[in-house]
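# task: produce atomic coordinates for the following.
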Amino acid sequence: LIESELFGHEKGSFTSAHKQRIGKFEQAHGGTLFLDEIGDMSLSAQAKVLRALQDKKISRVGGDKTINVDVRVLAATNKNLKKEIEEGNFREDLYHRLSVMVITVPPLRERKEDIGLLTDYFLDQVAEDYGTAKKAIDKEAINQLEQYDWTGNIRELRNVVERLVIMSQDTITKGDVKKYVEA
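Coordinates of the predicted model:
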């Protein structure tokens, strides 16, 4: 499935392949492709990504035609890829190909000063998603959010903000945070 998503497929190449599909590498030709959670990718898919990066060529699933692609790849993972290499779960050659520029983003629990800004951003997103007016949040509520460990990082904060928007009145308060956020 991931190979079909990344490289596309030809009609009839598998049971539900009713038409030809162009993959993400082809769509991103001349641009940038973001691969999230690359540490979870199968070794087979890793080999194909490596080929695409090294040779600048792909083949669609079920196809025999080689397609030239010129793509810059940004990849993210929450895994320690060096450990994954030692355990045989990640290709070392792909790691070196991808690690030209490594940017480490500390977990949210180590940058609590970002919680207010991120919360405001998520309040905008949730209002847009629901087609409603943006809810206000008081400073004490932000201070309360800063007390949590955020083991789920940004995704957890996004979900908490959505829950607070759904469950609270016009302004999200410290009491709402205490009531609707698991400590």
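# so where's this protein shaky on pLDDT?
Counting by pLDDT under 70, the chain contains low-confidence ranges at 183.
# any chance you could map the helices in it?
Taking DSSP state H as the test, the helices found in the chain are 2-7, 24-27, 43-55, 81-86, 92-98, 115-130, 139-145, 153-167, 174-180.
# how far out from the middle of the chain is the shortest one?
Translated: helix 24-27. Centre-to-centre, helix 24-27 and its host chain are 17 Å apart (CA atoms, centre = their mean, to the nearest Å).
# in it, which residues are buried?
Lys24, Phe25, Glu26 (16 or more other CB atoms under 10 Å). For every residue, glycine as well, the C-beta is placed using N, CA and C.
# for Ala28, which non-adjacent residue is spatially closest?
Val71 (4.8 Å; CB to CB, 6 or more residues apart in numbering).
# ok now do the one you found, which residues does it touch?
Residues counted as contacts of Val71 (CB atoms under 8 Å, 6 or more residues apart in numbering) are Phe25, Ala28, His29, Gly30, Gly31, Thr32, Leu33, Ala52, Leu53, Lys56.
# 6 Å - rerun?
By CB atoms under 6 Å, 6 or more residues apart in numbering, the residues touching Val71 are Phe25, Ala28, Leu33.
# do the same with Glu92
Taking CB under 6 Å, 6+ apart, one finds Ile85 in contact with Glu92.
# next one: the residue nearest to Ala28 from Tyr180, what distance?
Noted for Val71: a distance of 42 Å to Tyr180, by CB to CB, to the nearest Å.
# and what of Lys139?
18 Å.
# what do you get for Gln46?
41 Å.
# okay, these two: which has more neighbours?
Neighbour count, other CB atoms under 10 Å: between Gln46 and Tyr180, Gln46 has more, with 19 against 14.
# tell me how many other residues surround Val61.
Neighbour tally, Val61, other CB under 10 Å: 19.
# correction: Thr66
Counted with other CB under 10 Å, Thr66 comes out at 11.
# same check on Gly175?
The burial count for Gly175: 13, using other CB under 10 Å.
# the one 3 residues further on now?
Residues near Lys178, counting by other CB under 10 Å, number 12.
# look up how far Leu33 lies from the nearest residue to it once chain neighbours are set aside.
Distances taken as CB to CB, 6+ apart place Gln144 nearest to Lys178, at 6.4 Å, with adjacent residues excluded. Using CB to CB, Gln144 is found at 39 Å from Leu33.
# tell me which residue is most central in this protein.
Asp36 (4.2 Å; CA atoms, centre = their mean).
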